[in-house]
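Student: Provide a 3D model corresponding to the input given below.
(one chain, ligands or ions: 1)
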Amino acid sequence: MNRLIVISNRVTAPKGSTAGAQGGLAVALAAALRDRGGMWFGWSGEQTDQFNGHINFQRNQGVTTATVDLEEQDVQEYYDGYANRTLWPLFHYRIDLAEYERDFAGGYKRTNQRFADTVRPLVEPDDVIWIQDYHMFPLGAELRARGCDNRIGFFLHIPWPPRRLLGTLPNAQALVESMFAYDLIGFHTEEWLESFCDFARHDMGAVIEGNIARLGDRHVELIACPIGIDATEFAAMSQSVPARLAYRRMRDSADGRDMIVGVDRLDYSKGLEERFLGYERFLNEHPEERKEVFLLQVAPPSRVSVESYQRIRQSLEGLSGRINGAYADVDWVPIRYVNQGYPRDQLSGIYRAAKIGLVTPLRDGMNLVAKEYVAAQDPEDPGVLVLSRFAGAAEQMTDALLVNPYSAEEVSDALYQALRMPRQERVRRWEKLMAGVQEQDVTWWAETFLQALEKADMTVN
Ligand code: GDG
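Tutor: Take a look at the predicted model:
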């Protein structure tokens, strides 16, 4: 088996903690790296006065990580700038929030060149390279420019936007053209893959034949390969002592009421305002249910230096305050809005205690919370997943109650239906959802992508 080099913005390989403390992605990539040997390369998260390409190697639990520090200007222009203020909003269909600045684009290019300069000497002739996500679209082309003719795959964790939206990005064609340096590009869903083909075909004159896109003398293979979670491990974790304690804490404080749970990074793509408005509608339309339920929204802040994230936070504070002010009683508060994160094992117990998992992103590449909620349920008495049709996960999780998060009425109706759903139907839906979550888990995802990459036809490249 060839060595594997994983490259991502941040490296989250095992640090001697238990697997349960890690996200599923880190677990799966670490397993692939352990099997194949190689290393995981990325930004250390640290800053340095002047970029020097110094690589910090570490070895933990059979996985080698290699990280570099970046300059403050790199972090501002590449990470805070082009990645989080330009590409993230655009790729989540929010061109109203996207900031198009030459400095951001320049810093993004420079930083990707720095990554390429740094990692290139580490690459051996037969290594397979797997680059992750929108921080690094042009890295493959930069490596090719440095004589790297290895197999290189790329996986996009976020949606691919419709071509008319992508067309608003200055130099969008150049960005997409650089992606033809890859041998394989992976998306979570057919929808994102088709959007990519749409742009390549109509805006660049690429020819699409089956799962291959051709542009001039280059071609790239495309695959829809939905990421999963470490389902068996997550289900087991929901029975651990910390999970049971968290479960008990929630049940005791619920005082017999049904809990609806939402868990999201505080991000405008997650549809949190719409979720609160849908829940408000439900309280308004069903006065008899008012003191029978409550919504727990866990929303740890993210990307706090970006203004649009400060605004969504303010807006949610206003909305939750307004709804609580309008409906609360001396012994009941409709929304428990919590801005802190919880350890993963506790989170699994919280999911298990909830009658409804409410997941309403406006756009989401996949959404792992939906899968975690399912994996944490009690098979005898499972809760109901209410899921946005606009999450990538909806393509697989058709036994959830699928809703349009922009419609407060639909969200309200789904909450009502979920609360009234007979146990038999809950079990039937959950069994199908769980079978899917278990079958296409995160190890399946990594292996499916890597096998396709190892087979990709490189003859023309
Ligand atoms: C991107 C794409 C795609 C959240 N709060 C806490 C906590 N979390 C964990 C969840 C889950 C993860 O964060 C969030 O994953 P998502 O998939 O929902 O979303 P993004 O962070 O936006 O991820 C997404 C993903 O990449 C993978 O490809 O699915 O579409 O946007 O695991 O559990 N974890 C802990 N405490 C918290 O309070 N420990």
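Student: which residues are there in this protein that come within reach of the ligand?
Tutor: 23, 157-158, 227, 263, 265, 298, 300, 341-344, 347, 364-369, 372 (C-beta under 6 Å from any ligand atom). (C-beta placed from N, C-alpha, C; glycine too.)
Student: Mark which of those residues are part of strands, please.
Tutor: The members of those that map onto strands under DSSP state E are 263, 298.
Student: Tell me the pLDDT of the residue in the chain sticking out farthest from the centre.
Tutor: Centroid-distance maximum for the chain: Val330 at 38.4 Å, with C-alpha atoms, centre = their mean. The model reports Val330 with a pLDDT of 95.
Student: and what of the one 4 residues further on?
Tutor: Pro334 is assigned a predicted lDDT (pLDDT) of 98.
Student: Gly62 too?
Tutor: 88.
Student: Please identify the helix or strand for the spatially closest residue to it that is not a sequence neighbour.
Tutor: Nearest residue to Gly62, sequence neighbours excluded (C-beta to C-beta, 6 or more residues apart in numbering): Arg34, at 4.5 Å. Using DSSP states H and E, Arg34 sits in helix 24-36.
Student: before we move on, what about Val119?
Tutor: Secondary structure from DSSP H and E places Val119 in helix 102-119.
Student: Let me know the average pLDDT across that helix.
Tutor: For helix 102-119, mean pLDDT rounds to 98.
Student: Pairing partners for the helix or strand just after it, with directions?
Tutor: Using DSSP H and E, the next helix or strand after helix 102-119 towards the C-terminus is strand 128-132. For strand 128-132, the paired strands and their directions (DSSP bridges) are strand 4-10 (parallel), strand 151-155 (parallel).
Student: Gly186 is nearest to which of the ones you listed?
Tutor: Nearest to Gly186 among these is strand 151-155; the distance by C-beta to C-beta comes to 4.2 Å.
Student: Now do the closest one: distance to the chain's middle.
Tutor: 18 Å (C-alpha atoms, centre = their mean, to the nearest Å).
Student: about what we covered before: I'd like to know which elements the helix holding Arg34 is packed against.
Tutor: Applying 3 or more C-beta pairs under 8 Å, 6 or more residues apart in numbering; DSSP states H and E, we find helix 24-36 packed against strand 4-10, strand 38-48, strand 63-71, helix 231-237, helix 442-455.
Student: how about these, which one is nearest Asp198?
Tutor: Nearest to Asp198, of the helices and strands packed on helix 24-36 and by C-beta to C-beta, is helix 442-455 at 21.6 Å.
Student: what sits up against that closest one?
Tutor: Applying C-beta atoms under 8 Å, 6 or more residues apart in numbering, the set of residues contacting helix 442-455 from outside is 2, 4, 24-25, 27-29, 31-32, 128, 130, 151, 153, 155, 183-184, 186, 221, 223, 225-230.
Student: Tell me which residues of the least confident helix or strand in the chain by mean pLDDT come out buried.
Tutor: Scoring the helices and strands of the chain by mean pLDDT, DSSP states H and E places helix 24-36 at the bottom, with a mean of 83. Going by neighbour count (16 or more other C-beta atoms under 10 Å), the buried part of helix 24-36 is 24-33, 36.
Student: Please convert these to TSV, extending it with distance to Arg281.
Tutor: Shown next, in TSV, are the buried residues of helix 24-36 (distance: C-beta to C-beta, whole Å):
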residue	distance to Arg281
Gly24	33
Leu25	35
Ala26	38
Val27	39
Ala28	39
Leu29	41
Ala30	43
Ala31	44
Ala32	45
Leu33	47
Arg36	51
